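Participant: Next one to model:
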Amino acid sequence: MRRVFLNLILLALVFALAGCAAAPTATPTPPAQKPEVAATSASEPQPRSSPPPTPALAPSSTPLPPEAQALLDDREMMATEMFSTLERAQAEKYPQEQIDAIIRDYVKAIEDIEAQLKAENIPFAPLNLPPTPAVAAKKEVFDAGMVTADGVHLAATYYRPAATNAPGVVLLHMLGRKRGDWDAFARQLQELGYGVLAIDLRGHGESEGKREWNKMIMDAAIATSFIRSRPEIDPDRIVLMGASIGANIAINYAAQDERVVGAALLSPGLDYHGVKTADAVKQYGSRPLFIAASSEDEYAAKSARKLDSLTQGPHQLLILDNQGHGTQMLGKNNGLEEAIFQWLAEVTAK
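Facilitator: Below you'll find the predicted structure:
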């Protein structure tokens, strides 16, 4: 009995071993592989990665006001226009002096916009602008033309100084005269380092238009704008000088333009052809004023004394004897030029 039992146990073991041999063997699952990338030859061009974008200003929580966005747009447009103009100028082989002037004008306009952006606390990214070329110191005399606000073409002569950042002087002639009356005096000023502009008032000399006296204030305005825009001139050191009715026009314009630092009047009148001066002198305020006349020129001498009494700031009155009217008083070794030169040096001193 015992033997039979042992045989049964052996038989069960045989069947168990046979079952294990027939079962599939379990193998570990291989790890997942990344998709195969096709190999490229070292001689094949590799794709160039794009440069990182220029960092943009972080958007504000609220959109910019239209006026602020307009300033940013103007700045961008001005920069684009500058590079386009420079490209054309170089392609057409402009003189280097003209190319330098283009850069100075555009950079100045962009800087003015940026100054306004800063004043209004508007954020902006810096632009990659070319360096501003230095202004050459070059003495020369040349004729120029300009157009007034009401469309009148004026003729002028500009005396460029052999200096940079120079003060400027605008000269206005007498009734019925022309800009050439100032030539010798203008060249003296040029030698002293001033930029000088002498114009023919409308209806005079080579200028167009009618002799509409009060409208000549617009002639003084465009003349001042012209000399103020010259690269070698300090725009905040401009003086107006006039003779006879030119003196009346000079003080009337200077009264309106607070950036004019001084006015010199040779033989002014209280009223020449409706161009009056008393109120203009009062409006002119505390800026320096120089007045000269000759004693025998009774109306001019009387007007000069009256205007001098109305001045509110530093003033100098010079009454000569038997020296004539307006620009006729110049070039006579009577001390007038020396007095004007000394006064100008003080007024335009930095």
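
Participant: any idea what the residue most central in space within the chain is structurally, helix, strand or coil?
Facilitator: By CA atoms, centre = their mean, the chain has its centre lying nearest to Lys108, at 4.0 Å. Assigned with DSSP: H, G, I helix; E, B strand; the rest coil, Lys108 falls in the helix class.

Participant: same check, this time on Arg287
Facilitator: Under three-state DSSP, Arg287 comes out as coil.

Participant: Now it: closest residue in space, sequence neighbours ignored.
Facilitator: Spatially, and ignoring its direct neighbours in sequence, Arg287 is nearest to Gly313 (5.4 Å; CB to CB, 6 or more residues apart in numbering). Bear in mind the C-beta positions are built from the backbone N, C-alpha and C, glycine included.

Participant: Next up, the contacts around Asp236.
Facilitator: Arg259, Val261 (CB atoms under 8 Å, 6 or more residues apart in numbering).

Participant: what's downstream of the longest strand along the chain, the next helix or strand?
Facilitator: Criterion DSSP state E: the longest strand present in the chain is strand 233-243. Using DSSP states H and E, the helix or strand that follows strand 233-243 in sequence is helix 245-256.

Participant: That following helix versus strand 233-243: what angle between them?
Facilitator: 140 degrees (axes from the mean of the first three to the mean of the last three CA atoms, to 10 degrees).

Participant: Okay, now the sheet partners of the following helix or strand past helix 245-256, with direction.
Facilitator: Remark: after helix 245-256, the chain's next helix or strand is strand 260-266, criterion DSSP H and E. Strand 260-266 has the following strand partners under DSSP bridges: strand 233-243 (parallel), strand 289-294 (parallel).

Participant: from those strands, which stretch is densest packed?
Facilitator: Highest mean neighbour count among the strands paired with strand 260-266 (mean count of other CB atoms under 10 Å): strand 289-294, with a mean of 27.

Participant: Can you give me the pLDDT of the closest residue to the residue nearest to the centre of the chain other than its chain neighbours?
Facilitator: Nearest residue to Lys108, sequence neighbours excluded (CB to CB, 6+ apart): Thr132, at 7.9 Å. Per-residue pLDDT puts Thr132 at 87.

Participant: Next, Thr132: secondary structure please.
Facilitator: Quick answer, by three-state DSSP: Thr132 is coil.

Participant: looking at it, it is touching Asp105, isn't it?
Facilitator: No. Counting by CB atoms under 8 Å, no contact exists between Thr132 and Asp105, whose distance comes to 10.1 Å.

Participant: on that earlier part again, can I take it that the residue nearest to Arg287 is in a strand?
Facilitator: No. Assigned with three-state DSSP, Gly313 falls outside any strand and is coil.

Participant: how many neighbours does it have?
Facilitator: Gly313: 11 surrounding residues under other CB atoms under 10 Å.

Participant: give the contact list for it.
Facilitator: With CB under 8 Å, 6+ apart, Gly313 has these contacts: Gly285, Ser286, Arg287, Pro288, Leu289.

Participant: Now the phi/psi pair for it, please.
Facilitator: phi -120, psi -160 (degrees, to the nearest 10).

Participant: before we move on, what about Arg202?
Facilitator: The phi/psi pair for Arg202 (degrees, to the nearest 10) is phi -50, psi 140.

Participant: Where does the nearest residue to it once chain neighbours are set aside sit: helix, strand or coil?
Facilitator: Distance criterion CB to CB, 6+ apart; nearest residue to Arg202, sequence neighbours excluded, is Gly209 at 3.4 Å. Classification of Gly209 by three-state DSSP places it in coil.

Participant: I'd say Gly209 and Val152 touch.
Facilitator: Yes. Gly209 is within contact range of Val152, at 3.9 Å (criterion: CB under 8 Å).

Participant: which neighbours do the two share?
Facilitator: Going by CB under 8 Å, 6+ apart, residues that sit against Gly209 and also against Val152 are Arg202, Lys215.

Participant: about what we covered before: which of the contacts of Gly313 are buried, as a PyMOL select command?
Facilitator: In PyMOL syntax, the buried subset of those is picked out as below (16 or more other CB atoms under 10 Å):
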select buried, resi 287+288+289
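
Participant: what's the closest of the contacts of Gly313 to Lys302?
Facilitator: Using CB to CB, Leu289 comes nearest to Lys302 of the contacts of Gly313, at 17.0 Å.

Participant: Could you list everything that closest one pairs with in the sheet?
Facilitator: Bridge pairing for Leu289 - DSSP bridges - gives Ala263, His315.

Participant: Same check on the one 4 residues further on?
Facilitator: Applying DSSP bridges to Ala293 yields these beta-bridge partners: Ile319.

Participant: Quick one: residues contacting it.
Facilitator: Leu266, Ser267, Pro268, Ala300, Ala301, Ser303, Ala304, Leu318, Ile319, Leu320 are the contacts of Ala293 under CB under 8 Å, 6+ apart.
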